[in-house]
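K.L.:
one predicted model, sequence on top.
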Amino acid sequence: NAGVTQTPKFQVLKTGQSMTLQCAQDMNHEYMSWYRQDPGMGLRLIHYSVGAGITDQGEVPNGYNVSRSTTEDFPLRLLSAAPSQTSVYFCASSSQLRMYFGPGTRLTVT
Amino acid sequence: ILNVEQSPQSLHVQEGDSTNFTCSFPSSNFYALHWYRWETAKSPEALFVMTLNGDEKKKGRISATLNTKEGYSYLYIKGSQPEDSATYLCALPDRGSTLGRLYFGRGTQLTVWP
């Protein structure tokens, strides 16, 4: 039982490049979400999903796309990276009463 | 967007001291409150989920209380140890469930000096 896994752990992108942050969970949770963590800002919700085929926007969705084709996977796509997207990204999946976080992806956009 | 406030922003205490900090939230449409512990370079880990006014939870030296009528929760740590050093986050969902879209406060960063 691996819980929530994220890849890669670290990534450096140039402005304008695109990439996908991978997230997978093996707990059969319906609810999954993506957060970004910036100094002094806490955790801010980017996108979330309440089940396969269903996604919705969080507080800071601009510049990111998500899809949920399976219960297990919830990738986050950066369409055209900008320096403002330099952050640590956490994927999470949830049972009704508890949220489980992945180890995070540290992204730097130069 | 749900406004979740935590205070203080940071706290430095000596080993053995007891400490507490606050999470404030809108008291209307309350469903649940979550407390998480977040150590540096790790992922946040769930401490408590609280749903009822007057609820009190305890895990070892850490306990939490909830007042939904006035919109606050306290987290207490008795006899702080250096390994308690972490950021403590509270979070609330904004929908009609115990989870929903979870909105986090900015956290209280606790440092315990030996």
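P.N.:
In hand now; what should we look at?
K.L.:
how many residues are close by residue B:58?
P.N.:
A count of nearby residues for residue B:58, using other CB atoms under 10 Å in any protein chain shown, gives 12. From N, CA and C alone the C-beta is placed, and that goes for glycine too.
K.L.:
what pLDDT does it get?
P.N.:
Residue B:58 carries a pLDDT score of 96 in this model.
K.L.:
list the beta-bridge partners for the spatially closest residue to it that is not a sequence neighbour.
P.N.:
Residue nearest to residue B:58 in three dimensions, not counting chain neighbours: residue B:64, with 7.9 Å by CB to CB, 6 or more residues apart in numbering or on different chains. Under DSSP bridges, the beta-bridge partners of residue B:64 are residue B:57, residue B:75.
K.L.:
can you count the residues close to residue B:64?
P.N.:
Look at residue B:64: counted by other CB under 10 Å, it has 23 neighbours.
K.L.:
that one contacts residue B:46, doesn't it?
P.N.:
No. Taking contacts as CB atoms under 8 Å, residue B:64 lies outside contact range of residue B:46: 11.9 Å.
K.L.:
residues shared between the contacts of those two?
P.N.:
residue B:35 (CB atoms under 8 Å, 6 or more residues apart in numbering or on different chains).
K.L.:
list the contacts of the residue nearest to residue B:58.
P.N.:
Taking CB under 8 Å, 6+ apart, we find residue B:64 in contact with B:35, B:47, B:48, B:50, B:56, B:57, B:58, B:73, B:74, B:75, B:76.
K.L.:
check what pLDDT residue 73 gets.
P.N.:
This is for chain A. For residue A:73, the model assigns a pLDDT of 97.
K.L.:
actually it's chain B I care about, not the one you picked
P.N.:
For residue B:73, the model assigns a pLDDT of 97.
K.L.:
what about it, distance to residue A:106?
P.N.:
31 Å (CB to CB, to the nearest Å).
K.L.:
these two: which is more packed in?
P.N.:
Per other CB under 10 Å, whichever of residue B:73 and residue A:106 has more neighbours is residue B:73, with 24 against 15.
K.L.:
so is the more buried one in a helix, a strand, or just coil?
P.N.:
Secondary structure state of residue B:73, per DSSP: H, G, I helix; E, B strand; the rest coil, is strand.
K.L.:
show me what the helix or strand of chain B with the lowest mean pLDDT is in contact with.
P.N.:
The weakest-scoring helix or strand in chain B, judged by mean pLDDT, DSSP states H and E, is strand B:102-104 (a mean of 86). Contact with strand B:102-104 is made by A:33, A:35, A:42-45, A:59, A:94, A:99, B:1-2, B:4, B:34, B:36, B:89-94, as judged by CB under 8 Å, 6+ apart.
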